[in-house]
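S.K.: no sequence on this one, just coordinates:
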């Protein structure tokens, strides 16, 4: 058997202890149950998500598709950065 140490905020620990006490268990029992669930299911038992990348927003995807269509239709102008800077300086 091994001992595992974790760090959590004091307030979160007190709140967790209170909830677990209402469920009739302590923190060791909680983590043992959690660990067995993860090992049995081979996944974390709740979704873990990140905020979607704004690059892939509906508006950006629409703009990319519109640009692709314009290119396919021959309605796009291709300039080098030097050419673009010249136009901006003019």
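M.R.: Cool, got the structure. From a predicted model like this one, the values you see are computed outputs, not experimental measurements.

S.K.: please make it C-alpha for all contacts and neighbour counts, starting now.
M.R.: OK.

S.K.: how is the protein carved up into domains?
M.R.: The domain map for the chain lists 1-48, 54-89, with the assignment taken from automatic domain parsing.

S.K.: of those domains, which shows the lowest average pLDDT?
M.R.: Summarising mean pLDDT across those, the least confident stretch is domain 54-89, with a mean of 91.

S.K.: now the end-to-end length of that one.
M.R.: Start-to-end span of domain 54-89 (CA to CA, to the nearest Å) is 31 Å.

S.K.: for it, list every residue counted as buried.
M.R.: Neighbour-count burial for domain 54-89 flags no residue at all (criterion: 16 or more other CA atoms under 10 Å).

S.K.: tell me where this protein has helices.
M.R.: 10-22, 27-41, 58-72, 81-89 (DSSP state H).

S.K.: residues in contact with the third one?
M.R.: With contacts defined as CA atoms under 8 Å, 6 or more residues apart in numbering, helix 58-72 is touched by residue 76.
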